[in-house]
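Sequence first, predicted model second:
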Amino acid sequence: MKSKKLSEQIIKTFKSNGFVLSEPDVLLDSEYIIQRSGENFRRSMLTFENEDGKIMCLRPDLTVASCIKYLEKKSESKIYYSGQAFRRTNKKSSGLVNDQLGIEILGSKNKLQDDYKVIKTILNSAKKIKSKKIKIKVGDIGLFKKLINSLEMPERWKLRLIRHFWRPKYFEELLERLEKNSDIDSAAFDTDKKRFYEMKKMNQDKIIAGRSIAEILKRFDKKIRDPRSFSEGKKISRIIRSFLKINCKLPQLNERLLDFANKFELKKNIFKEFKSIENLKKLNQEVIFITNFGRNIEYYTGIVFEVYSEKKEIARGGRYDDLLKSLGAKKNIPAVGAAINLNNI
């Protein structure tokens, strides 16, 4: 009963902030999800074969389901949902069903305003659940990308590090390889070249793991043309590791980033565009910034955050401007959202 009353209060907060109810489909085409969003969803999906022999799945993620509905023009652009996500997890304490209340802003170009709106709305909702000791952890995937693109290293390494940032264990292996200048061997390089010329004969619009053949070929071309020699791996790895150790309260962030840039003789303006983070000072709420936070979801592209109380997560969200394109949109569409995990209340 208490949970029902809390849900009603949260939904009332969503509505008062202009969010409109959307009910994303429960059943989705599993092959579509895998093809568009990559293999990371396959391990968590609950699938079955329907009467037509098509492999379907229960929605593993309400954000993905909401985006699919948006692309089908069945949804408003500023929505809230109340429902369940169904997925396997490696955590023994977690069940297969996740009850969630969430909000999404899709297609709006006012990123600064939208990021703040989503976090402020979720924060107000969280305070209806836990009135004391509410804190926020924040990261920004965009800052990491800016750092990597500012460093002097081969393009192939930049692509690898950015693409696999969401996989911390494998990312650490990449840094170790970078330190030792352990790149792909000549046999693997020759295989890449052979595959490149094979793919040039294929339909350029065909989608594989969320990318068109044309996009994959563009990356292949960069990789093949990229110089093979590179001796600064140890230095670059040290810079990246140092960046990922930044952990401070929001008012200290400017100084920490400037000290970091000075220490490694980087351009002082590489972190100039993090207004969404700076904007959170208006919350009148303790905010902790962690450069290593929010990496476990592949589709995040910008600000990521978690609202918690006494070390227990209440809500989580972030910006994901590339997701709608991976799901079939012709171009990237601005998007930001968050969900309250009712199982943790």
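Received the coordinates, thanks. Numbering: from 1, shown residues only.

Next, count neighbours for residue 155.
Neighbour count for residue 155, taken as other CB atoms under 10 Å: 14. Heads up, the C-betas are built off the backbone N, CA and C, glycines and all.

what's the answer for residue 176, then?
Neighbours of residue 176 under the rule other CB under 10 Å: 12.

which SS class is residue 108?
Recorded secondary structure, residue 108: coil (DSSP: H, G, I helix; E, B strand; the rest coil).

how about the helices in the stretch 1-150 of the chain?
Ranges of helices within the stretch 1-150 of the chain are 2-16, 30-37, 62-71, 111-129, 141-150, based on DSSP state H, counting those that start in this stretch.

Point out the most buried one among those.
Most buried of the helices of the stretch 1-150 of the chain by mean neighbour count (mean count of other CB atoms under 10 Å) is helix 62-71; its value is a mean of 23.

okay, and for the stretch 51-200 of the chain, where does confidence drop off?
Along the stretch 51-200 of the chain, segments meeting pLDDT under 70 span 74, 90-94, 130-131, 182-192.

For it, which segments count as strands?
Ranges of strands within the stretch 51-200 of the chain are 55-58, 78-86, 97-106, 134-140, based on DSSP state E, counting those that start in this stretch.

Kindly calculate the angle that the last one makes with helix 111-129.
In other words, strand 134-140. Put simply, strand 134-140 runs at 150 degrees to helix 111-129, going by axes from the mean of the first three to the mean of the last three CA atoms, to 10 degrees.

what lines up beside strand 134-140 in the sheet?
Partners of strand 134-140 in the sheet, by DSSP bridges, are strand 287-290 (parallel), strand 303-309 (antiparallel).

okay, those strands, which one's buried deepest?
strand 303-309 (a mean of 23).

May I see the buried residues of the next helix-or-strand element following that one?
Using DSSP states H and E, the helix or strand that follows strand 303-309 in sequence is strand 312-319. Of the residues in strand 312-319, 314-319 count as buried by neighbour count, 16 or more other CB atoms under 10 Å.

just the residues you listed now: which is nearest residue 205?
residue 319 (27.2 Å; CB to CB).

so how far is residue 64 from the closest one?
As for residue 319, its distance to residue 64 is 15 Å (criterion: CB to CB, to the nearest Å).

Kindly report the same for residue 161.
In terms of CB to CB, residue 161 sits 25 Å off from residue 64.

Ok, residue 268 next?
38 Å.

Next: residue 221.
When residue 221 is compared with residue 64 (using CB to CB), they lie 30 Å apart.

Repeat that for residue 325.
Separation of residue 325 from residue 64 (CB to CB) stands at 13 Å.

repeat for residue 139
In terms of CB to CB, residue 139 sits 21 Å off from residue 64.

Could you do residue 238 as well?
When residue 238 is compared with residue 64 (using CB to CB), they lie 37 Å apart.

what about the strands paired with strand 134-140, which gets the closest to residue 75?
Nearest of the strands paired with strand 134-140 (CB to CB): strand 303-309, 22.6 Å.

Also compute the angle for the closest one relative to helix 141-150, please.
140 degrees.

Any regions of the stretch 201-345 of the chain where pLDDT drops low?
Checking the stretch 201-345 of the chain against pLDDT under 70 turns up 209-210, 222-231, 273.

residues contacting residue 128?
6, 9-10, 13 (CB atoms under 8 Å, 6 or more residues apart in numbering).

cool, and residue 149?
With CB under 8 Å, 6+ apart, residue 149 has these contacts: residue 158.

how much space between it and residue 142?
11 Å.

swap in residue 79?
24 Å.

Same question for residue 132.
Note on residue 132: its distance to residue 142, by CB to CB, is 32 Å.

try residue 13
28 Å.

Just give me the residue closest to the centre of this protein.
The centroid of the chain falls nearest to residue 300 when counting by CA atoms, centre = their mean (1.5 Å).

what's that one in contact with, if anything?
By CB under 8 Å, 6+ apart, the residues touching residue 300 are 141, 166, 294, 318-320.

hmm, 6 Å instead?
By CB atoms under 6 Å, 6 or more residues apart in numbering, residue 300 lies in contact with 141, 294, 318, 320.
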